[in-house]
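Novice: Coordinates for the following, if possible.
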Amino acid sequence: MNFHLTPGAEGLRTRLFHIIFESDTPGAKAFDIALIVAILMSVAIIMLGSIETYAERYGDLFFYLEWVFTLLFSIELILRIYCLEKPTLYLRSFYGIVDLIAVLPTWLVLLVPGAHGLVIVRLLRVLRIFRILRLMEFVGEARLLMDALKRSMRQILLFFSAILMVITLFAALMYTIESPEAGFTSIPMSMYWAIVSMTTVGYGDIVPATPLGKSITVILMLLGYSIIAVPTGVFSAQVIRSIREERYSEEACPGCGHERHEKRARYCLRCGTWLDEDSEDPRKKDDDKKDEAPNNHDGDADKNAPQDS
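Specialist: Numbers count the residues shown, from 1 in each chain. Below you'll find the model as predicted:
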């Protein structure tokens, strides 16, 4: 996790900490899987409860199941706070706030009249799954994607700024050409039409009526087809770059100067030179031992040779 959490004390609190906040033991993995199942089931109940036919038929069942999950998540939150040395550090974090949001709306319904509308906020429970996945085997993949997104953010923002200018120009042009009866009542409405047309969604609620307006629409659609893949290409390039940096080292070989070796490589791919300059090549030690062995044999032979009297 981004913040450093430590167990409150030895014994039960430490065991709970390893189960709840880690995922490298069978008990911790079982807890994570059970928590994911509980989160998905509670979110499914909230979604089914929003359907009128299901709400009328199974409303009481949904109500009791929701309280069961709320009690389970409340107990889990209490255990998280109990096993930590500094629980306030956890409660101020992003995932701590998400854990509070997972249980507070249901309790507020009992305490605050008119807070029933906050119950829909419980859908934010699904965000807790990202914390669990982060603790499991998806840490490296998530970090790789986030690094690629951060690196490509400036290019993507520049691209969207250019798209916004194009949309504004086309919207102003269509607002001038088309009549309000066609739906172009203002420049913001024309911008809405331009975005819908450029993304080739085409809701059909605003349609140009003049031949010139239709021609401009065709140009905008073709332009949208041409540039819609640009952010994907930029992001993909950064993902590939992150994968290469994750796998390869930028250090050059001390023997031939070749770069981009795998980080786990011990010898140069081209010349076979030992890459770790801070330690000695094991092969050199073996060669020294081999060189010393004949010398020792020669010394023994000199000792065993008969001496002239």
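
Novice: How is the chain divided into domains?
Specialist: 12-137, 140-230, 250-302 (automatic domain parsing).

Novice: would you turn these into CSV with mean neighbour count and mean pLDDT?
Specialist: In this view, the C-beta of every residue, glycine as well, is placed from N, C-alpha and C. Below are the domains of the chain laid out as CSV (neighbours: other C-beta atoms under 10 Å; pLDDT from 0 to 100):
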stretch, mean neighbour count, mean pLDDT
domain 12-137, 15, 81
domain 140-230, 15, 86
domain 250-302, 12, 62
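
Novice: Please convert those to TSV, extending it with distance to Gln238.
Specialist: Formatted as TSV, the domains of the chain follow (distance: least, C-beta to C-beta, whole Å):
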stretch	distance to Gln238
domain 12-137	21
domain 140-230	4
domain 250-302	17
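
Novice: To Ser236, which of these lies closest?
Specialist: Among those, domain 140-230 comes nearest to Ser236, with 8.4 Å by C-beta to C-beta.

Novice: Which residue is the nearest non-sequential neighbour of Ser179?
Specialist: Of all residues not flanking Ser179 in the chain, Ala209 sits nearest, at 7.0 Å (C-beta to C-beta, 6 or more residues apart in numbering).

Novice: And the helices in this protein, which stretches?
Specialist: For the chain, applying DSSP state H gives helices covering 12-20, 26-49, 52-82, 87-91, 94-111, 128-135, 139-177, 187-198, 211-227, 230-247, 282-304.

Novice: what helices or strands is the fifth one leaning on?
Specialist: Right, the one you point to is helix 94-111. Secondary-structure packing of helix 94-111 (3 or more C-beta pairs under 8 Å, 6 or more residues apart in numbering; DSSP states H and E): helix 52-82, helix 87-91, helix 128-135.

Novice: what about that helix, distance to the chain center?
Specialist: Chain-centre distance of helix 94-111: 24 Å, with C-alpha atoms, centre = their mean, to the nearest Å.

Novice: Ok, which of the helices of the chain comes nearest Ala265?
Specialist: Using C-beta to C-beta, the helices of the chain put helix 230-247 closest to Ala265, at 10.3 Å.

Novice: Please compute how far stretch 211-231 lies from its chain's middle.
Specialist: 33 Å.

Novice: what residues are up against Met41?
Specialist: Leu65, Phe69 (C-beta atoms under 8 Å, 6 or more residues apart in numbering).

Novice: returning to what we had before: distance to Val43 added to the helices and strands packed on helix 94-111, as JSON lines?
Specialist: As requested, those are exported to JSON lines (distance: least, C-beta to C-beta, whole Å):
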{"stretch": "helix 52-82", "distance to Val43": "9"}
{"stretch": "helix 87-91", "distance to Val43": "23"}
{"stretch": "helix 128-135", "distance to Val43": "9"}
